[in-house]
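Trainee: coordinates for the following, if possible.
(one chain, ligands or ions: 3)
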Amino acid sequence: MQLFTSIARRAFKFLSRRNAERLWMHYAFALSIIFALLFAIDQVNRTITERGTAAKTVMSVGSNQVLLGYDILLQTEAAINDDARLFQTLDQNIAAFEQAHAYVISSPIWSDALQNHYFESERPLDDRVRIFADLAKRLPTAGPVEQSIVQRALNERYTARGLKGQLRAATELIESTARAEIDRLSDLQATLIKLSVAMLVIEILIVFAPAQLTVTANIQKLRKQSERLQTSREELQDANSWLNYMINHDPLTGLPNRSSLMTSLKAALSDQDGPEMSVILIGLDDFKSINDSAGHDFGDAVLCEMALVLKSCVDDDHVVARIGGDEFVLISDEAALELVGRIRASFAEPLEVNARRIPLSMSIGYMEISAGKQDPLSVIADLGLALQVAKNQGGNRSQHFHNQLRDEIGSMRQLQLDLVDAIKNGEIEPWFQPQIRLSDGTLHGAEVLARWRHPKRGLLTPDKFLPAAEHSGLMVDVDHSIWRSAMNLAQTWQHESLWRPCISLNAAPDTISDPYLIERFLFQLQKSGLEADQVVIEVLETTLIEGKDDMAAINIDSLAECGIALELDDFGTGYASLSKLTQLPLSGIKLDRSLVAPLPDHSADSVVRAILALAGELGLHVIAEGVEEDEQAKHLRSRGCAFGQGYGYGKPMPPDEFRAWLDQNADRALRAGQAGQVAVKRA
Ligand code: C2E
Ligand code: CA
Ligand code: CA
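Mentor: Residues are numbered from 1 along each chain as shown. Ligands and ions are numbered 1, 2, ... in the order given. Got it, this is the predicted structure:
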């Protein structure tokens, strides 16, 4: 038992470890054993049934033989005594008697006892049956005496000498033999059934249970694998959505990017029943200089802050996307102009970035689109055109897109191409506008203003070509070309003793930031023969605001060190901080025309007075621009403003005209509203 348990345990262990894929072999083996046992049981059953039937037949044949013996005796007796005809049927009975004997001794129910009984005992039954039959067969042919002897002998053998008893005993032996065999078979059957049950138990223990465990283990393994798969699927989904997010979003601001915008635009355009949409493209003016001067991190922070402000300008379900360095696109169902107005208002105040206040100037291109009219690419391209036009016009503008813009852009490009030749050929010429001492009306100096005598387009004012020059990087060359001509002309007029000139030269931000500014400027000054105090450089507020590049600051200091006076142009329109005014080596400020025009209006007067007081405190002289009326001039003088410039004294004039003007007015005391007319008359 112990051995069996240990074998079973080992087998169980071994089988538990088996390969799940080969389980079918174990099942097949186990089932074949079970089937073999069932087959054996079935065979035993059949044998039992067959043996039982055979035993019954043999026993009935045996019993019949006993009766046949009787019949033979009775028949012989009757035939001898009464009816000789009976001899005729005696043969049949004898034959049946012998057949019954032959059947019994050849039957499958056989045993040693029967063998002994029939063949090996002292008086074997087989011999006695044959003798009895042979005797009986002699009767029909025997004579009467012999017949009675034979008949007695038959009687005696059958009854007295025990043939009948022996036949009966044979039947009993057959019965007991059959019974013994059936008992043996039944035992065998019981053993087989027990064996089957035992095999079943064993198989359950060593095949089915371990197999079940293997299957369960495999199911658990599969379950774990499927859980792992589920987890990795979720991770994959996460990674996928992150990737999707990255594909569709700008990593810096988190806003949708260009490709996402295209999808939104496509959806908006394909929605036939959708409302008319406004699409707005915003680009910062001169974002590069913020990056260059304050660093890219600060530039990034500006963009992030800007993204937040833009988002606050529209509803949550409207689109705000960043499609390039400093370019943002908004899609909204609100009227474009209203939205543009709100955006402008949101950026009216300087933006607070990293505890610094930075004014942002931006250009805007906008348009309305209705479903199915355009494809997203051409919408963006058209907006790009509008934005470019807005920038070309000096920036800080909003431009509605219309189809003529394409022509305008085309002509702008042509203008840029023409500009190169224009600078070379001296087509850009300096015009001069007088600057008057308000105290006595005498000539103080002249501002030099650029004009382009375009061979095809005629006379162009700065607003028509300076943006193109800025965008094609030609501004520095334009300035130097104008300066050179202006200095040469001034020197000529000096030689002619018309005037000891003092000319104010406008300098674009690019020119002020140009690393070669000082060399080029001083070279020209020297070449012209003018003194340093005869030239003033006008710089725009935007050139000087906080955050602009170091080169500009170095150049400004260098110019001041060379004795060149610097004036801050357009004062009052920008955001120049007061502290900056004290830090820069300025000699004067130019009061913007927008502040002068409303004078002597009370509120305008307050601002002008405040500025004049401040300038006086800082030791800066003030030149009022756009003086058109004598009343304005008087008012400014009464407030302590030193100089005035404007149409009231003289419009910008081409060199010849200005020379004539000088000839007539250089030594005169002028009144606003008079001198200009004189000059115009002479031109
Ligand atoms: P700015 O420097 O403020 O020049 C004054 C502008 O006001 C001039 O326009 C001038 O014609 C105009 N103006 C003067 N008095 C009056 C007046 O009484 N009423 C009115 N309505 N306007 C008056 P302009 O010549 O068209 O020049 C426009 C701007 O272009 C200038 O503004 C200046 O910023 C720029 N600019 C002109 N020439 C040059 C140049 O050679 N170089 C650079 N960098 N910029 C230039
Ligand atoms: Ca100016
Ligand atoms: Ca100005």
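Trainee: ends of stretch 621-635, what's the gap?
Mentor: Counting by Cα to Cα, to the nearest Å, you get 16 Å between the two ends of stretch 621-635.
Trainee: ranges for the helices of the stretch 351-500 of the chain?
Mentor: 376-392, 404-424, 462-471, 475-495 (DSSP state H, counting those that start in this stretch).
Trainee: can you give me the distance of the residue nearest to Asn555 when sequence neighbours are not counted to ligand 1?
Mentor: Leaving aside its sequence neighbours, Asn555 sits nearest to Leu517 (Cβ to Cβ, 6 or more residues apart in numbering; 4.8 Å). No exception for glycine: its C-beta is placed from N, CA and C like everyone else's. According to Cβ to the nearest ligand atom, to the nearest Å, Leu517 and ligand 1 sit 12 Å apart.
Trainee: closest to Arg639 out of the helices of the stretch 351-500 of the chain?
Mentor: helix 462-471 (29.4 Å; Cβ to Cβ).
Trainee: quick revisit: mind pulling up the pLDDT for the residue nearest to Asn555?
Mentor: pLDDT recorded at Leu517 is 97.
Trainee: go on, Ile202?
Mentor: pLDDT, Ile202: 84.
Trainee: show the backbone phi and psi for it.
Mentor: The phi/psi pair for Ile202 (degrees, to the nearest 10) reads phi -60, psi -40.
Trainee: cool, and Phe643?
Mentor: The phi/psi pair for Phe643 (degrees, to the nearest 10) is phi -130, psi 150.
Trainee: who does the closest residue to it other than its chain neighbours bridge with?
Mentor: Using Cβ to Cβ, 6+ apart and skipping the chain neighbours, the partner closest in space to Phe643 is Ile623 (4.1 Å). Bridge pairing for Ile623 (DSSP bridges) gives the partners Lys590, Phe643.
Trainee: what sits closest to Pro275 if chain neighbours are left out?
Mentor: Nearest non-adjacent residue to Pro275, counting by Cβ to Cβ, 6+ apart: Asp333, 4.7 Å away.
Trainee: show the contacting residues for the one you found.
Mentor: The contact partners of Asp333, by Cβ atoms under 8 Å, 6 or more residues apart in numbering, come to Pro275, Glu276, Met277, Ser278, His318.
Trainee: how about the residues of the stretch 301-450 of the chain by ligand 1?
Mentor: Gln433, Leu449, Ala450 (Cβ under 6 Å from any ligand atom).
Trainee: out of those residues, which is nearest to Glu203?
Mentor: Nearest to Glu203 among those, counting by Cβ to Cβ, is Ala450 at 108.3 Å.
Trainee: quick one: the closest residue to ligand 2 within the stretch 351-500 of the chain from Tyr649, how far?
Mentor: Residue nearest to ligand 2 within the stretch 351-500 of the chain: Glu447 (5.6 Å; Cβ to the ion). Plainly put, Glu447 is 11 Å away from Tyr649 if you go by Cβ to Cβ, to the nearest Å.
Trainee: find residues that contact each of the two.
Mentor: By Cβ under 8 Å, 6+ apart, the residues touching both Glu447 and Tyr649 are Gln435.
Trainee: the more surrounded of the two?
Mentor: Neighbours were counted for Glu447 and for Tyr649 using other Cβ atoms under 10 Å; Tyr649 has more, 28 against 24.
Trainee: secondary structure class for the more buried one?
Mentor: Classification of Tyr649 using DSSP: H, G, I helix; E, B strand; the rest coil returns coil.
Trainee: can you count the residues close to the residue nearest to Leu114 when sequence neighbours are not counted?
Mentor: Distances taken as Cβ to Cβ, 6+ apart place Leu173 nearest to Leu114, at 5.2 Å, with adjacent residues excluded. Other residues near Leu173 come to 22 when the count uses other Cβ under 10 Å.
Trainee: before we move on, what about Gln272?
Mentor: 8.
Trainee: how close does the residue nearest to it when sequence neighbours are not counted sit to ligand 3?
Mentor: Residue nearest to Gln272 in three dimensions, not counting chain neighbours: Ala371, with 5.0 Å by Cβ to Cβ, 6+ apart. With the distance defined as Cβ to the ion, to the nearest Å, Ala371 ends up 47 Å from ligand 3.
Trainee: just to confirm, which helix or strand has Arg322 in it?
Mentor: According to DSSP states H and E, Arg322 maps onto strand 319-324.
Trainee: residues of that strand that come out buried?
Mentor: Neighbour counts over strand 319-324 (16 or more other Cβ atoms under 10 Å) mark Val319, Val320, Ala321, Arg322, Ile323 as buried.
Trainee: show me which of the contacts of Asp333 is closest to ligand 2.
Mentor: Ser278 (36.7 Å).
Trainee: show me what contacts that closest one?
Mentor: Listed by Cβ under 8 Å, 6+ apart, the contact set of Ser278 reads Leu330, Ile331, Ser332, Asp333, Glu334, Ala335, Ala336, Leu339, Tyr366, Met367, Glu368, Ile369.
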